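*Asks:* Only the shape, not the letters, is given here:
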């Protein structure tokens, strides 16, 4: 059943409000993805403080225009969804990337990132940059790697001293 003009205006206003409240918006194109899979994605995004909303491309374009965002949703070949995250791009990028890989691997449809918009910095994030951010290790892993690099010279000195003491005792 087609939406009335009032419903469309309401959807545009809601999208503009979400864009203003969000730190990041990620735009995805999808086709043939099962409802159960979308429910799982929505649950994962909710844990990260994000929300997924399926919106018609034409309506989301109006929302972008009203928010001062220069992004053309019509570039997506299939249906469009917007993911609104309160945090920065790193808070949702890995979740979205993993979901896209799972959908592609299981051949349950098509799901791809069309682009993203960092509302705090006011800049468009292309797909290549999004994929780089999505494949970065988590903050905890990076901190562990830094700690390992900082302790490595001490471990090498300790190993060297142990070897010298073994030779001296022989």
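*Replies:* Right, received. Where do you want to start? All of these numbers come straight from a predicted model, not from anything done at the bench.
*Asks:* For residue 33, give me its contacts.
*Replies:* Shown in contact with residue 33 (Cβ atoms under 8 Å, 6 or more residues apart in numbering): 103, 108-111. C-beta here means a position set from N, CA and C on the backbone, and glycine is covered the same way.
*Asks:* 6 Å instead, please
*Replies:* Applying Cβ atoms under 6 Å, 6 or more residues apart in numbering to residue 33 gives the contacts 109, 111.
*Asks:* any idea which element it lies in?
*Replies:* Assigned by DSSP states H and E, residue 33 belongs to neither a helix nor a strand.
*Asks:* What of residue 44?
*Replies:* In the assignment (DSSP H and E), residue 44 maps to helix 35-47.
*Asks:* how far is that helix from where the chain is centred?
*Replies:* Distance of helix 35-47 from the chain centroid (Cα atoms, centre = their mean, to the nearest Å) equals 13 Å.
*Asks:* Mind listing residues that contact that helix?
*Replies:* 52, 95, 99.
*Asks:* Okay, buried residues for it please.
*Replies:* By 16 or more other Cβ atoms under 10 Å, the buried positions in helix 35-47 come out as 37-38, 41, 44-45.
*Asks:* again with stretch 61-76
*Replies:* 61-64, 67, 69, 71, 73, 76.
*Asks:* Flag whichever of the residues you listed scores worst on pLDDT.
*Replies:* On pLDDT alone, residue 76 ranks lowest of the buried residues of stretch 61-76, at 68.
*Asks:* Let me see the contact set for residue 117.
*Replies:* Contacts of residue 117 by Cβ under 6 Å, 6+ apart are 25, 69, 124.
*Asks:* Likewise for residue 62?
*Replies:* By Cβ under 6 Å, 6+ apart, the residues touching residue 62 are residue 12.
*Asks:* now do the one 5 residues further on
*Replies:* Listed by Cβ under 6 Å, 6+ apart, the contact set of residue 67 reads 16, 19.
*Asks:* if we go to 10 Å?
*Replies:* By Cβ atoms under 10 Å, 6 or more residues apart in numbering, the contact set of residue 67 is 15-20, 25, 117, 119.
*Asks:* cool, residue 112 as well?
*Replies:* Counting by Cβ under 10 Å, 6+ apart, residue 112 touches 28-31, 76-78, 96, 100, 103-104, 127.
*Asks:* Tell me if I am right that it is in a strand.
*Replies:* Yes - Residue 112 forms part of a strand when assessed by DSSP: H, G, I helix; E, B strand; the rest coil.
*Asks:* since we're on residue 161, how many residues are nearby?
*Replies:* 10 (other Cβ atoms under 10 Å).
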